[in-house]
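Asker: The following comprises the amino acid sequence and a computationally predicted model.
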Amino acid sequence: MSASPAFLMRLVASSFSIAEKAQTIVREVMSGGDLGVVKKTGANDLQTKADRLVQLSICSSLARKFPKLTIIGEEDLPSQEVDEDLIESGQSEEVLKHSCPTQYNHIKEDEIVVWVDPLDGTKEYTEGLLDHVTVLIGIAYGGKAIAGVINQPYYNYQAGAGAVLGRTIWGVLNLGVFGIQLKETPEGKHIVTTTRSHSNKLVNDCISAMNADEVIRVGGAGNKVLQLIEGKASVYVFASPGCKKWDTCAPEAILHAISGKLTDIRGNPFQYHKDVKHMNSAGVLATLRNFDYYASRVPDSVKKALVP
């Protein structure tokens, strides 16, 4: 009789299925026509009905199955009864086919922190830029992002009839990344992906120092990291506060699982302990390749302005 899967793999397998449930909720809210938009702190910091329902779904589904987890979600929601229709109890058998990396075999439930962004790219969601939108479930152990799930509810949405809509990408450190094809940016090209709606002088100064051949301004940290993996961009630059731990945990784990790197703008690693401050106040710098080159281009004036 084979041994039961390690806890980490069961958690990732459940997170995969929960992210697919989230995908359905995101689409249902959009097709219903009433997004239920509220402003949290300003015109660029929005919350929709999809944000609220997806967070309830993810956090409640995980907590029911794994009650000793620490789960930190983006949205500050009141305590409430959760509709059973929002609960997902399944798990991906495809994920469970993979063996857990040896160093994570003995992780216990109460040692994990899960960081949830129910709808990364909310502003873009409200504006119909649906390919920017992701659902992020990041898994941290010992303060380090070690696994993640990224769902793109509207992947392929412009591909026409017959195309498969949506995809779920998952990864674990020292195991790999699944659900996406790794591609390189064109040789010698420096393509920067950066914020679409939170630009400022620091961001622009940093981008100018990168000697970019092209600058892509899009929404969502998850979306930007997927651009790195698919060779659409060579560096993700966000030289400003604003990004949070739930934005970066899952993308960081997935990028690191294929030997990429994601840090603050100074090159310092992020910590994902349950008591860490949520804001990534020193910005974000991420690449799949050539991290040291791009890190060396960050102006000292930008580093001095952004305090960790």
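Answerer: Thanks, I have it. Residues are numbered from 1 along each chain as shown.
Asker: buried ones in the longest helix that the chain contains?
Answerer: Longest helix in the chain, counting residues (DSSP state H): helix 7-32. Buried positions in helix 7-32, judged by neighbour count with 16 or more other Cβ atoms under 10 Å: 7-23, 25-27, 29-30. All C-beta spots, glycine's among them, are computed from the backbone N, C-alpha and C.
Asker: Can you identify each of the strands in the stretch 1-150 of the chain by residue range?
Answerer: Remark: strands assigned in the stretch 1-150 of the chain by DSSP state E, counting those that start in this stretch are 38-42, 45-47, 70-73, 112-120, 134-141, 144-152.
Asker: right, and those - which one's nearest residue 90?
Answerer: strand 144-152 (13.6 Å; Cβ to Cβ).
Asker: Quick one: low-confidence residue ranges for the protein.
Answerer: Applying pLDDT under 70 to the chain flags residues 1-2, 40-45, 78.
Asker: where exactly do the helices run in this protein?
Answerer: Applying DSSP H to the chain gives helices spanning 7-32, 49-65, 93-96, 122-126, 201-208, 221-229, 245-256, 291-297, 300-305.
Asker: C-alpha coordinates for the third one, CSV please?
Answerer: What follows is helix 93-96, C-alpha atoms only, in CSV (Å, rounded to 0.1, in the frame of the first residue of the first chain):
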residue,chain,number,x,y,z
GLU,A,93,-5.2,14.2,-8.8
GLU,A,94,-2.6,15.5,-11.3
VAL,A,95,-0.8,17.4,-8.6
LEU,A,96,-0.9,14.3,-6.3
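Asker: any idea how far that helix is from the chain center?
Answerer: Averaged C-alpha coordinates place helix 93-96 at 21 Å from its chain's average position (Cα atoms, centre = their mean, to the nearest Å).
Asker: Would you mark the buried spots in that helix?
Answerer: Those would be 95, 96, for helix 93-96 by 16+ other Cβ under 10 Å.
Asker: who's in contact with that helix?
Answerer: Contacts to helix 93-96, defined as Cβ atoms under 8 Å, 6 or more residues apart in numbering, come from residues 5, 9, 10, 12, 13, 16, 170, 178.
Asker: just the fifth one next, same as before
Answerer: By Cβ under 8 Å, 6+ apart, the surrounding residues in contact with helix 201-208 are 192, 194-195, 215, 237-240, 265, 283, 298-299, 301-302, 305-306.
Asker: what comes up buried for that helix?
Answerer: 202, 203, 206, 207.
Asker: neighbours around residue 168, how many?
Answerer: For residue 168, the neighbour count with other Cβ atoms under 10 Å is 25.
Asker: hey, what's the residue lying closest to it once chain neighbours are set aside bridged with?
Answerer: Nearest residue to residue 168 in three dimensions, chain neighbours excluded: residue 151, at 4.7 Å (Cβ to Cβ, 6 or more residues apart in numbering). Bridge pairing for residue 151 (DSSP bridges) gives the partners residue 135, residue 168.
Asker: So what's the residue count around residue 151?
Answerer: Neighbours around residue 151, by other Cβ under 10 Å: 29.
Asker: What of residue 85?
Answerer: 10.
Asker: could we number from 792 for the rest of this?
Answerer: With the count now opening at 792, the last piece we talked about shows up as residue 876.
Asker: Next one: it from residue 923, what distance?
Answerer: 27 Å (Cβ to Cβ, to the nearest Å).
Asker: Please apply the same query to residue 1023.
Answerer: For residue 1023, the distance to residue 923 - Cβ to Cβ - is 13 Å.
Asker: Who has more neighbours out of those two?
Answerer: Using other Cβ under 10 Å, the more surrounded residue of residue 1023 and residue 923 is residue 923, with 22 against 16.
Asker: I figured that one was touching residue 917, is that so?
Answerer: No. Counting by Cβ atoms under 8 Å, residue 923 stays clear of residue 917, with 11.0 Å between them.
Asker: Among the contacts of helix 884-887, which one lies nearest to residue 1012?
Answerer: residue 961 (16.7 Å).
Asker: Do I have it right that the closest one meets residue 970?
Answerer: Yes. Using Cβ under 8 Å, residue 961 makes contact with residue 970 at a distance of 6.1 Å.
Asker: Which one's more surrounded, the two?
Answerer: Neighbour comparison, residue 961 and residue 970: the larger count goes to residue 961, with 30 against 17 (by other Cβ under 10 Å).
Asker: measure the closest residue to that one other than its chain neighbours to residue 901 for me?
Answerer: Nearest residue to residue 961 in three dimensions, chain neighbours excluded: residue 940, at 4.7 Å (Cβ to Cβ, 6+ apart). Distance, residue 940 to residue 901, by Cβ to Cβ: 21 Å.
Asker: Of those two, which one has the most company?
Answerer: The residue with more neighbours, out of residue 940 and residue 901, is residue 940; 32 against 10, by other Cβ under 10 Å.
Asker: Tell me if I'm right that the more buried one and residue 807 touch.
Answerer: Yes. With contact defined as Cβ under 8 Å, residue 940 counts as touching residue 807 (5.6 Å).
Asker: Good, we can wrap up now.
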